[in-house]
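Participant: Pasting a predicted model and its sequence here:
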Amino acid sequence: MSDKINIPEHYERWDADVKVGKNDDKVAIGYWRDGCKGCGICVDLCPKKIWELIEAKDKWNGQVVRMTDASKCIKCMLCEIHCPDFCLKIY
Amino acid sequence: MAFEYEKYLRMDKIPHLWCPGCGIGIVLKAMLRSVENVGWDKNDISFVSGIGCTSRAPGYIDCNTLHTTHGRALSFATGVKLAKPDKNLVVFSGDGDATAIGGNHFIHACRRNIDMTLVVVNNNVYGMTGGQHSPTTPIGYKTNTTIYGNIDPTFDICLLAKAAGASYVARATVNKGRVLEKYITKGFQNKGFSVIVATANCHTQFGRKNKMSDPISSRKWIESREIPLEKARTMKAAELKDKVITGEFTTDEAETTFWENYNSPVHEYTEAYAKIIEKVQEK
């Protein structure tokens, strides 16, 4: 699986061992801070609530998101599919 | 497994100009995944758009793109399709662009059943031009030009397209990106005119006037109005007031068996056009 991971270098990246259903799996989460507009859709949709909004003075919206605990990810891909700004990647 | 949107995007133009949380980004992503699903080559696709927030989408897609005048995207696309019948045409349009300014072009493109796909992003308002009410603004909601509440009855874009003769019609909301992807893929595969309506949020212009000025609350509002087609059949007319019925409108057997003999699409337009050219050149 690791050879397929293609997260660009300017992405923030979190790697973790996760459980998908009953199986052990690995996840690599990429997040592009410059592209993020802080709309909060991923925070709202995540069933495990592992994204959170934090303050960011350089954004006109005043907020960006941050990953709190990547090991809780269940790879449902909801945040990746519904991110309107092309700034999330989940492998 | 994450999808590599970079393959289809002009990454120097990203981040795009749409507001934070705008549904158009989600529809665009579903469309790019659908292109991958049907396996089209980038050189064989032509994305056409009119004017409005949605019109910016072809600017971000790295293939043949055309940005045309307000409402006339379908007319330009018809011209492209007749000149190059082997290309795959995708028109990206908004509710104001497709049903108000280009309403006539819309029904006549449906009538001709020309082989292209129209993706209508319905956000209930004219977003880019300043929040005027559109033919899909629900009754009672406020916009910049209906400050005491809208009184105009709305168009149902799906029923309009189906009645005019489109051969594939479906609707999904931006809350369900995978369903949207499925419908757009089916629309791409359909030989004939396909209309996919994506009910989207506009919290900046529409939500601001109706007490849902952030993306989350306007997405929740869309979710609260959504009724699947199967469930809607069992409901009474009063319960369906102000609801959005989602699903596939043309593959629904109970209805099509009755109507198909009467008003089904006769032929695909580019094929009929090619036959005419052949017939004339023989003489």
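Facilitator: Sure, I can see it.
Participant: So what's the gap between stretch B:44-51 and the chain middle?
Facilitator: Taking CA atoms, centre = their mean, to the nearest Å, the mean C-alpha location of stretch B:44-51 is offset from the chain mean by 13 Å.
Participant: whoops, stretch B:270-283 was the one
Facilitator: Centroid displacement of stretch B:270-283 relative to its chain, using CA atoms, centre = their mean, is 31 Å.
Participant: can you pull the buried residues of that stretch?
Facilitator: B:T270, B:Y273 (16 or more other CB atoms under 10 Å in any protein chain shown). Using the backbone N, CA and C atoms, a C-beta is placed for each residue, glycine as well.
Participant: what does that stretch rub up against?
Facilitator: B:K81, B:L82, B:P85, B:I114, B:D115 (CB atoms under 8 Å, 6 or more residues apart in numbering or on different chains).
Participant: So which residues on chain B come close to chain A?
Facilitator: Taking CB under 8 Å from any CB of the partner chain as the contact definition, chain B meets chain A at B:1-6, B:9, B:14-16, B:18-26, B:29-30, B:174-175, B:177-178, B:214-216, B:219.
Participant: about what we covered before: please identify, among the contacts of stretch B:270-283, the one with the most neighbours.
Facilitator: B:I114 (24 neighbours; other CB atoms under 10 Å in any protein chain shown).
Participant: Just the pLDDT at it, thanks.
Facilitator: We have a pLDDT of 91 for B:I114.
Participant: What helix or strand is it located in?
Facilitator: Element membership for B:I114, per DSSP states H and E: none, as it lies in no helix or strand.
Participant: Quick check on the closest residue to it other than its chain neighbours: phi, psi?
Facilitator: Of all residues not flanking B:I114 in the chain, B:Y269 sits nearest, at 3.8 Å (CB to CB, 6 or more residues apart in numbering or on different chains). The phi/psi pair for B:Y269 (degrees, to the nearest 10) reads phi -70, psi -40.
Participant: Mind giving me the ChimeraX select for the residues of chain B next to chain A, buried ones only?
Facilitator: Here is the ChimeraX selection string for the buried members of the residues of chain B next to chain A, based on 16+ other CB under 10 Å:
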select /B:2,3,5,9,14,16,18,19,20,21,22,23,24,25,26,29,30,174,175,177,214,215,216,219
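Participant: Can you report how many residues lie near whatever residue of chain A ends up closest to chain B?
Facilitator: Nearest residue of chain A to chain B (CB to the nearest CB) works out as A:P84 at 2.7 Å. A:P84: 24 surrounding residues under other CB under 10 Å.
Participant: just B:L17 next, same as before
Facilitator: That count, for B:L17 with other CB under 10 Å as the rule, works out to 11.
Participant: Who are the contact partners of B:T145?
Facilitator: By CB under 8 Å, 6+ apart, B:T145 lies in contact with B:G131, B:Q132, B:H133.
Participant: Can you report how many residues neighbour A:K57?
Facilitator: For A:K57, using other CB under 10 Å, the count is 7.
Participant: worst-scoring helix or strand of chain B, pLDDT-wise?
Facilitator: Between all helices and strands in chain B, the lowest mean by mean pLDDT, DSSP states H and E belongs to helix B:253-263, at a mean of 60.
Participant: Filter the residues of chain B next to chain A down to the ones in helices?
Facilitator: Using DSSP state H, B:G23, B:I24, B:G25, B:I26, B:K29, B:A30, B:G177, B:R178, B:P215, B:I216, B:R219 are the members of these that sit in helices.
Participant: Between those residues, which sits nearest chain A?
Facilitator: B:G25 (2.7 Å).
Participant: Secondary structure element for the closest residue to that closest one other than its chain neighbours, which one?
Facilitator: Sequence neighbours aside, A:P84 is the residue nearest to B:G25 in space, at 2.7 Å (criterion: CB to CB, 6+ apart). For A:P84, there is no host helix or strand (DSSP H and E).
Participant: And the pLDDT at the residue of chain A positioned farthest from its centre?
Facilitator: Here chain A reaches farthest from its C-alpha mean at A:K22, the gap being 21.8 Å by CA atoms, centre = their mean. pLDDT recorded at A:K22 is 86.
Participant: In chain A, mark out all the strands, start to finish.
Facilitator: For chain A, the strands defined by DSSP state E cover A:12-20, A:23-31, A:51-55, A:63-67, A:88-90.
Participant: where along the stretch 151-283 of chain B do the helices fall?
Facilitator: Ranges of helices within the stretch 151-283 of chain B are B:157-164, B:177-189, B:215-225, B:229-233, B:253-263, B:269-282, based on DSSP state H, counting those that start in this stretch.
Participant: Can you add distance to A:N6 and give these back as JSON lines?
Facilitator: Output for these, formatted as JSON lines (distance: least, CB to CB, whole Å):
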{"stretch": "helix B:157-164", "distance to A:N6": "38"}
{"stretch": "helix B:177-189", "distance to A:N6": "21"}
{"stretch": "helix B:215-225", "distance to A:N6": "28"}
{"stretch": "helix B:229-233", "distance to A:N6": "38"}
{"stretch": "helix B:253-263", "distance to A:N6": "43"}
{"stretch": "helix B:269-282", "distance to A:N6": "38"}
